[in-house]
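Enquirer: I need the structure of the sequence given here:
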Amino acid sequence: MVTKWSGSIDIGITSLSPETMTFPSTMTDILDGSTHMWSGSSINNIQLDRDLDDCTVGDTIGIMLSDTDTLVFYYNGDKLSVSINLKDLHVRNTDHLYGVVDIYGRCREVSICERGFTEKRPSIGDFELMTQPGSITENRDDIMQQTRMILLVLKEIAVIDIYGACHLVQKFLLLPTIVLNDQLKHIFGDHLASHGTAEVFKYMLDELQNREQTQTDWDATRVIHVACGYYSDASMKFCRHIGQSGILKDMLDDLQRYQTSYMDHENFHTLIASEIIVLHNCSKAADNKHIYDEQDTVNRIIPFTTAEDVNLAATALLTLSYIVQPGDLSYLDASQSVVCFLLQRLQNSLDDPRLRSDGFTTLELVVGLGNLAQHDNNKISITTKGAVPLLLNIMERELPLEQECAINTLGTLSKLESNRKNILKAPGVIPQLSKLTEHHNAAINAAANRALLLLTKATSTEVKKPVNSSPHGCDYRALCKRFKESIGLSDAYFEEAYNMCYCNNCHIVRGDELYYLRGEPPKYYGLPIGWCRFALKVPARASALQVFRKWHVAFHGTVLGAVAPILECGDLCLPGDEVMGGKKLGEREGHFNEDFKPEYFDTKQVFLSPSIRYAGCGAYAGPSQFKDSVTRKTYEARVAFQVCINPDSYKVHPQTIGAESEIDSKFNNQELEWFTKQRGSIIINGLLVNLQ
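Expert: Purely as a prediction, here's the structure:
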């Protein structure tokens with residue numbers, strides 16, 4: 001497997017003979033004959049139980065043609081619930097059909113197994129050997145094989161001995177984690193997700209729920225919940241799979257069931273405490289947001305935010321801070337005891353070499369405090385109880401994401417005028433922020449400038465509600481406009497009334513947040529801070545489809561030379577498409593193309609992101625030079641498009657630019673890249689310009 005890329009394989013049937021056919025770059029491009037591919041989680045728009053994009057090392061996939069001309073699908077030896085008759089695929093001649101595998105994305109090679117292939121089931125003895133001291137491997141492929149072994153046994157034992165299965169979870173999934181570092185925990189969690197662990201846990205929890213609820217049942221349930229909490233903390237992919245399995249819904253039902261009695265029995269309290277930890281971890285996964293909305297999660301968690309157990313109350317509030325809508329910030333009002341508890345936990349994490357305290361990382365705590373600071377009462381209590389020195393401590397450490405989030409939290413605290421004096425009383429605030437405005441990291445630089453603007457320039461009358469356009473006197477907006485005019489694009493493309501400047505000054509004056517929700521189900525996107533948007537006219541179907549309300553917002557970085565062809569076409573095209581004038585689009589220099597690419601990589605997709613930091617990086621938005629006639633300075637210019645995208649049209653995958661650290665504080669790297677092959681699923685509504 002090649003972890004850098006997304007996707008894995010397609011498998012299917014074709015009537016084309018391998019001896020005579022011309023092999024295409026991808027089987028999805030085949031127009032001749034009759035070809036039907038299991039791609040992702042569907043074949044010919046028929047949904048299957050498994051997604052091939054989740055495949056990992058050691059998985060087995062199969063398609064069998066039965067005597068009744070029916071295609072039967074297998075995944076790791078399990079027969080899927082959906083089968084398809086060839087008549088439904090309009091296949092007439094079944095005498096000459098061939099199997100075909102299309103390798104791309106993360107898949108490097110496959111092995112063709114003989115018919116009737118069954119893999120050796122690992123024994124408990126294999127596990128005993130695997131978990132001996134020093135046997136925990138750091139090799140990715142070995143971890144994947146070990147994960148697979150664990151799940152093969154666990155699935156079989158769970159059906160016949162639920163307590164034995166829970167013992168396996170404790171011994172082979174929890175105890176070995178003591179020696180795993182964060183990176184290995186992340187890898188382990190990803191592969192547990194790929195092998196359906198969440199579904200196994202769901203089955204085990206259902207079995208335990210249906211029993212007599214003896215102390216053994218409660219203890220076994222606790223083991224599964226701890227495993228869910230541990231791996232949902234380590235892996236965003238595992239968080240998404242917990243949501244898909246139905247576990248989150250069951251946990252939310254428990255919150256409602258025990259909200260008035262959880263203090264009456266230790267088992268009830270332990271159950272609720274462990275479930276809220278899982279709910280907190282999974283609330284950070286964008287794909288889970290619709291589950292929280294559908295299950296009325298806010299109202300189910302609110303009773304626990306005032307619990308006598310301050311640990312439980314604090315975790316409940318942090319969970320709420322990720323899921324409340326902007327109009328429901330009153331629910332985030334935290335007691336003084338909770339604020340003090342969180343600040344002490346933050347201090348403890350800073351004293352710990354791992355930057356952790358009671359399972360929470362420094363980053364989680366800083367982000368959580370920033371979320372809670374959206375409530376004005378919390379702004380005051382967080383500041384007066386000593387947050388500022390802790391935030392300054394974090395700013396002094398060379399930990400980019402933690403530094404940026406600490407600055408943003410300080411900026412949020414500064415939005416309340418009466419709070420600014422308290423913040424400025426802390427020694428070193430202005431000097432530290434001033435120093436960070438010169439930081440080599442652009443995100444830290446921009447955050448420090450925003451915080452300084454709020455602390456030193458804003459007044460109670462300057463922070464206004466958002467308006468439709470930036471101040472006309474903005475020099476950066478004027479500079480970007482001169483750049484746009486230099487490109488020579490027709491004014492007929494643009495809708496000037498909706499132009500928007502996102503420089504720090506304009507952002508602060510409007511009182512904008514950094515991230516907003518859009519679409520059905522709603523998903524966050526980041527404002528393109530540091531960019532200027534020139535609004536584009538949209539087609540009539542944008543109104544007919546209600547895209548500004550129902551679709552998600554994303555960004556697509558590109559090179560300057562591609563802007564005019566894209567506007568002329570009116571859509572983001574796939575590489576290989578022929579546009580107006582007969583020009584055939586290709587990947588830009590430095591990217592894989594049809595003549596130079598690994599055979600497993602599919603280049604024929606449109607790539608987007610909810611973060612301009614990702615879409616606007618050099619790998620996508622290649623820079624060009626612009627010499628301004630007014631300032632007589634030369635700038636590095638980048639361009640991107642802001643778009644609306646149909647929520648049902650794209651897949652979410654990890655970043656593919658080889659980043660070793662988190663790119664955007666709001667989005668996990670595992671959720672940063674969206675891609676689609678569906679034409680018509682994107683509507684471009686803005687040209688973005690960034691000049692440095």
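
Enquirer: okay, CA-based contacts and neighbour counts for the rest of this
Expert: OK.

Enquirer: which non-adjacent residue is nearest Thr14?
Expert: Counting by C-alpha to C-alpha, 6 or more residues apart in numbering, Thr14 lies nearest to Thr35, which is 4.1 Å off, once chain neighbours are set aside.

Enquirer: what does Arg482 give?
Expert: Nearest one to Arg482, counting by C-alpha to C-alpha, 6+ apart, is Asp628 at 7.5 Å.

Enquirer: residues contacting that neighbour?
Expert: 479, 482-483, 634-635 (C-alpha atoms under 8 Å, 6 or more residues apart in numbering).

Enquirer: tell me which strands and helices the one helix or strand Gln244 maps to is in contact with?
Expert: For Gln244, the host element (DSSP states H and E) is helix 236-245. Helices and strands in packing contact with helix 236-245 are listed as helix 182-194, helix 197-209, helix 215-234, helix 266-282; criterion 3 or more C-alpha pairs under 8 Å, 6 or more residues apart in numbering; DSSP states H and E.

Enquirer: and the helices in the stretch 451-600 of the chain?
Expert: 475-487, 504-510, 540-544, 547-550, 560-569 (DSSP state H, counting those that start in this stretch).

Enquirer: can you say which of the ones you listed is nearest to Glu308?
Expert: Evaluated over these, closeness to Glu308 peaks at helix 504-510, with 38.6 Å, by C-alpha to C-alpha.

Enquirer: export the closest one as CSV, just CAs?
Expert: Once non-C-alpha atoms are left out, helix 504-510 reads as follows in CSV (Å, rounded to 0.1, in the frame of the first residue of the first chain):
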residue,chain,number,x,y,z
ASN,A,504,-7.0,40.5,8.6
ASN,A,505,-8.3,44.1,8.8
CYS,A,506,-11.5,43.5,6.9
HIS,A,507,-12.0,40.2,8.8
ILE,A,508,-11.8,41.9,12.2
VAL,A,509,-14.0,44.9,11.2
ARG,A,510,-16.8,42.6,10.0
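
Enquirer: give me the mean pLDDT for it.
Expert: Along helix 504-510, the predicted confidence averages to a pLDDT of 90.

Enquirer: buried residues in that helix, which are they?
Expert: Taking 16 or more other C-alpha atoms under 10 Å as the basis for neighbour counts, the residues of helix 504-510 that come out buried are 504-510.

Enquirer: roughly how far is that helix from the heart of the chain?
Expert: 27 Å (C-alpha atoms, centre = their mean, to the nearest Å).

Enquirer: and the longest strand for this structure?
Expert: The single longest strand within the chain, with elements called by DSSP state E, is strand 634-645.

Enquirer: next helix or strand past it?
Expert: On the C-terminal side of strand 634-645, the nearest following helix or strand under DSSP H and E is strand 651-653.

Enquirer: which elements pack onto that following strand?
Expert: Taking 3+ C-alpha pairs under 8 Å, 6+ apart as contact, the helices and strands that strand 651-653 lies on are strand 673-676.

Enquirer: which residues does the strand it packs on contact?
Expert: 605-610, 649-656.

Enquirer: buried only: go through those residues for me.
Expert: Using 16+ other C-alpha under 10 Å, the buried members of the contacts of strand 673-676 are 606-610, 650-656.

Enquirer: on that earlier part again, hey, C-alpha coordinates of the longest strand of the chain in CSV?
Expert: C-alpha atoms of strand 634-645 as CSV (Å, rounded to 0.1, in the frame of the first residue of the first chain):
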residue,chain,number,x,y,z
THR,A,634,6.6,42.5,-7.2
TYR,A,635,4.2,40.0,-5.5
GLU,A,636,3.8,36.3,-5.5
ALA,A,637,0.3,35.6,-6.7
ARG,A,638,-1.8,32.5,-6.2
VAL,A,639,-5.4,31.9,-7.4
ALA,A,640,-8.1,29.5,-6.4
PHE,A,641,-11.8,29.0,-6.9
GLN,A,642,-14.5,29.0,-4.2
VAL,A,643,-17.2,26.5,-5.1
CYS,A,644,-20.4,24.9,-3.9
ILE,A,645,-20.4,21.1,-4.2
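
Enquirer: gap between that strand and the chain center?
Expert: The gap between where strand 634-645 is centred and where its chain is centred comes out at 22 Å by C-alpha atoms, centre = their mean.

Enquirer: by contact count, what packs against that strand?
Expert: For strand 634-645, the helices and strands in contact under the criterion 3+ C-alpha pairs under 8 Å, 6+ apart are helix 547-550, strand 552-558, strand 624-627, strand 682-691.

Enquirer: and the closest residue to Asn690 other than its chain neighbours, how many neighbours does it have?
Expert: Distance criterion C-alpha to C-alpha, 6+ apart; nearest residue to Asn690, sequence neighbours excluded, is Trp531 at 4.6 Å. Neighbour count for Trp531, taken as other C-alpha atoms under 10 Å: 26.

Enquirer: in contact with Trp531, which residues?
Expert: Contacts here follow C-alpha under 8 Å, 6+ apart; on that basis Trp531 touches 501-503, 688-691.

Enquirer: packing partners of the helix or strand Pro431 falls within?
Expert: Using DSSP H and E, Pro431 sits in helix 429-436. Contacting helix 429-436 under the criterion 3+ C-alpha pairs under 8 Å, 6+ apart are the following elements: helix 387-395, helix 442-456.

Enquirer: 10 Å instead?
Expert: The elements that helix 429-436 packs onto, with contact taken as 3 or more C-alpha pairs under 10 Å, 6 or more residues apart in numbering; DSSP states H and E, are helix 387-395, helix 400-413, helix 417-425, helix 442-456.

Enquirer: that older thread, pLDDT score assigned to the residue nearest to Arg482?
Expert: Looking at Asp628, its pLDDT is 95.

Enquirer: and stretch 296-315, what's buried?
Expert: Neighbour counts using 16+ other C-alpha under 10 Å place 297-298, 300-302, 304-307, 310-315 of stretch 296-315 among the buried residues.

Enquirer: so which of these belong to helices?
Expert: Among these, DSSP state H puts 297-298, 300-301, 310-315 in helices.

Enquirer: same list (these) but as JSON lines, adding distance to Leu48 and pLDDT.
Expert: Formatted as JSON lines, the entries for these read as follows, by distance: C-alpha to C-alpha, whole Å; pLDDT from 0 to 100:
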{"residue": "Thr297", "distance to Leu48": "29", "pLDDT": "96"}
{"residue": "Val298", "distance to Leu48": "33", "pLDDT": "95"}
{"residue": "Arg300", "distance to Leu48": "33", "pLDDT": "96"}
{"residue": "Ile301", "distance to Leu48": "34", "pLDDT": "96"}
{"residue": "Val310", "distance to Leu48": "45", "pLDDT": "96"}
{"residue": "Asn311", "distance to Leu48": "42", "pLDDT": "96"}
{"residue": "Leu312", "distance to Leu48": "40", "pLDDT": "96"}
{"residue": "Ala313", "distance to Leu48": "41", "pLDDT": "97"}
{"residue": "Ala314", "distance to Leu48": "41", "pLDDT": "97"}
{"residue": "Thr315", "distance to Leu48": "37", "pLDDT": "97"}
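
Enquirer: appreciated, that's everything.
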